[in-house]
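Chemist: below is the sequence, then the predicted model.
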Amino acid sequence: MYVAVLELDVLLGDVRSLKQKRSVVRPVVAELRRRYEVAVAEAGDQDLYRRARIGIATVSGDAAHARQVLDACERTVAGRPELELLSARHRLVGPED
């Protein structure tokens, strides 16, 4: 069994309040959950209205499949015009860890 984790640091576009931030981040989180069946949440920078840290995790029997799912999630977020992807950190935990 492999557990793959992706941490995305994103800069939000024209956002001036935490309420506007939620209206941008929530649809992204919902889309990732729906399209890729992953666990996803806003996992940091909740008090900053122009930044968001999104955590995504998946479990698979195959390491390559877990990486592919997270790569697709990263591409989806990077393709959103209202977000700028600043960094992405991947981690993979397998049976040998």
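Modeler: Good, I have the coordinates.

Chemist: any idea how far Ser17 lies from His90?
Modeler: Plainly put, Ser17 is 31 Å away from His90 if you go by CB to CB, to the nearest Å. Any C-beta I mention is one placed from the backbone N, CA and C, and that applies to glycine too.

Chemist: so for these two, which sits in the more crowded spot?
Modeler: Counted by other CB atoms under 10 Å, Ser17 and His90 do not tie: His90 has more neighbours, with 14 against 9.

Chemist: quick one: buried residues of the helix or strand harbouring the more buried one?
Modeler: Taking DSSP states H and E as the criterion, the element that holds His90 is strand 83-93. For strand 83-93, burial by neighbour count (16 or more other CB atoms under 10 Å) applies to Leu83, Leu85, Ala88.

Chemist: and the strands in the chain, which stretches?
Modeler: Per DSSP state E, the chain carries strands over the ranges 2-12, 39-44, 51-60, 83-93.
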